[in-house]
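when you get a sec, could you give me coordinates for this:
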Amino acid sequence: MGSGLLQTADRALQVLLAFSDQRPEWGVSELARQLGLDKSVTQRLLATLANRGFVLADPDTRRYRLGPAVSQLSRVAERSGALSLIARPVLAKLARETGESAVLNVVHGGSYRTVAAVDARGPLSYSAIVGHVMPGHAGCSGHVLFARQPIEEVRELFGPEPLTRYTANTPTNYAELQQRWQQVRDTGVSVSAGEFDANVGAVAVPLPLHGATVASMTLIGPAERVLNRIDDLIPPLRTAGAELSSRLAPGSAGPRTC
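Prediction:
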């Protein structure tokens, strides 16, 4: 462990970060094995976190889930604008390097919302609006954000088929969406050709922190131009995603590539 870090605090944070969409609950023994900690240490960490409302224990099963204090901090963090502040320099560099607009989106219910954006310079570019909300099933940003969420939860968020069609390329059923989500899981990249706006093309990568996708980083512009240079856009996009991940949490991994 690096100098200046408190081991007990770091272990408590490891406990919190072990909870994910794939593992929303843990028993003490299995969590101890997962983290390589003594069972009694894990029990004390969970009890301490529970005392402050960061985790809750089911009284019958004694299994733990995240508590309301986590939601409270999440709301404060989002309102603070910290993510946008940290992301903007990375997006600006990416936009300069590629000549396309760089956008950061986060999940917003069954949709996704732009939290930071830097428009490309030039007469032919896409102008992104911070705060704009897009349907989760239309566009590569949404595919990246929802690719690893349980399908049952996504169905509840998106609603029944057919999903709203915006262009001829909009996926309107879950079979189509699962193909796009599989592409994200296989390659760490999603490409969309006019799924919400027929004139727009885009490529996106997930922004993961400790195994969870917290945002999507996207390059977007005129469809013909973007789609003809996807191979050139992906490397700087991956690099920018890894840089932002490291700025947000130095111990986190960069964008998944497989």
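
where does the stretch 151-258 of the chain dip in pLDDT?
210, 250-258 (pLDDT under 70).

could you rerun that using 50?
For the stretch 151-258 of the chain, the stretches flagged by pLDDT under 50 are 252-258.

which residue ranges of it form helices?
151-158, 174-187, 223-227, 230-248 (DSSP state H, counting those that start in this stretch).

adding distance to residue 10 and mean neighbour count, write those helices out as TSV.
(C-beta placed from N, C-alpha, C; glycine too.) Shown next, in TSV, are the helices of the stretch 151-258 of the chain (distance: least, Cβ to Cβ, whole Å; neighbours: other Cβ atoms under 10 Å):
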stretch	distance to residue 10	mean neighbour count
helix 151-158	30	14
helix 174-187	30	16
helix 223-227	42	17
helix 230-248	17	18
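
not counting sequence-adjacent ones, nearest residue to residue 53?
residue 69 (3.8 Å; Cβ to Cβ, 6 or more residues apart in numbering).

so what's the one you found scoring on pLDDT?
For residue 69, the model assigns a pLDDT of 81.

beyond the helix or strand where it lies, next helix or strand please.
Using DSSP states H and E, residue 69 maps to helix 68-80. For helix 68-80, the following helix or strand on the C-terminal side (DSSP H and E) is helix 82-98.

so what does that next one touch, helix or strand wise?
Applying 3 or more Cβ pairs under 8 Å, 6 or more residues apart in numbering; DSSP states H and E, one finds that helix 82-98 makes contact with strand 101-108, strand 111-118, strand 212-222, helix 230-248.

who are the contact partners of residue 19?
25-26, 55, 65-66 (Cβ atoms under 8 Å, 6 or more residues apart in numbering).

what about residue 72, distance to residue 53?
Separation of residue 72 from residue 53 (Cβ to Cβ, to the nearest Å): 8 Å.

so the residue nearest to residue 53 makes contact with residue 56?
No - Residue 69 lies out of contact with residue 56 (Cβ atoms under 8 Å); the separation is 9.7 Å.
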